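Q: Give me a 3D structure for the following:
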Amino acid sequence: MVPPDVSPLDAHLGYWLRFVSNHVSHAFAVKLTGRGVTVAEWVMLRGLYDRDGVAPSLLADRLGMTRGAISKLADRLAGKGLLIQTAAPDDRRCQTLALTPEGRALVPELSALADRNDAEFFGHLDTADRARIEEALKEIVRRMGLRSVPVE
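A: All right, here's what the predicted structure looks like:
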């Protein structure tokens with residue numbers, strides 16, 4: 001017999017958020033795998049799409065990732081022909097990251113996958129319910145000062 005002061009797992013909102021989040025994230029990861037990229041790579045590609053020629057440190061700050069993570073992702077994406085790393089001629093330590101034409105062309109395709117994934121999980125919600133859920137989650141982000149972009 002469970003003591004009355006020990007709440008069940010599913011009594012917590014965090015449990016249900018994680019339950020849904022895991023399934024949404026996994027479904028999206030599977031869709032991205034079909035296009036040869038990971039969720040973290042997608043986040044970086046999307047982060048570069050609006051601002052080509054970005055210093056890795058600025059991108060790390062913008063995405064809430066470490067510089068080491070950005071460096072590893074940049075190397076992987078460069079190896080896939082989706083990103084170019086350009087060193088400054090006067091200081092080889094200073095570099096910028098930019099999408100290749102192939103990387104730039106891939107982002108709208110991946111964005112469509114993200115939209116489809118979102119519709120599969122949340123498309124049944126009416127506009128008002130969706131707005132309430134989104135606003136509640138954004139308020140938690142603001143109140144807790146959360147910054148890092150979810151990549152897993």
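Q: And the helices in this protein?
A: Along the chain, the stretches classed as helices by DSSP state H are 13-33, 39-49, 56-63, 67-79, 101-122, 127-144.
Q: and Ser57, what is it in contact with?
A: Shown in contact with Ser57 (Cβ atoms under 8 Å, 6 or more residues apart in numbering): 67, 70. The C-beta positions use only the backbone N, C-alpha and C, and glycine is treated the same way.
Q: Kindly apply the preceding question to Gln85 instead.
A: 74, 78, 95-97.
Q: Report the beta-bridge partners for it.
A: Under DSSP bridges, the beta-bridge partners of Gln85 are Leu97.
Q: Please tell me how far it sits from Ser21.
A: Gln85 is 32 Å from Ser21, where distance means Cβ to Cβ, to the nearest Å.
Q: May I have stretch 132-146 exported as CSV, CA atoms only?
A: In CSV, the C-alpha atoms belonging to stretch 132-146 read as follows (Å, rounded to 0.1, in the frame of the first residue of the first chain):
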residue,chain,number,x,y,z
ARG,A,132,-3.9,29.1,-24.3
ILE,A,133,-1.4,26.2,-24.2
GLU,A,134,1.2,28.2,-26.1
GLU,A,135,0.8,31.2,-23.9
ALA,A,136,1.0,29.1,-20.7
LEU,A,137,4.2,27.4,-21.9
LYS,A,138,5.7,30.7,-23.0
GLU,A,139,4.9,32.2,-19.6
ILE,A,140,6.7,29.3,-17.9
VAL,A,141,9.7,30.0,-20.1
ARG,A,142,9.7,33.7,-19.2
ARG,A,143,9.1,33.2,-15.5
MET,A,144,11.9,30.5,-15.2
GLY,A,145,14.3,32.5,-17.5
LEU,A,146,14.7,29.5,-19.8
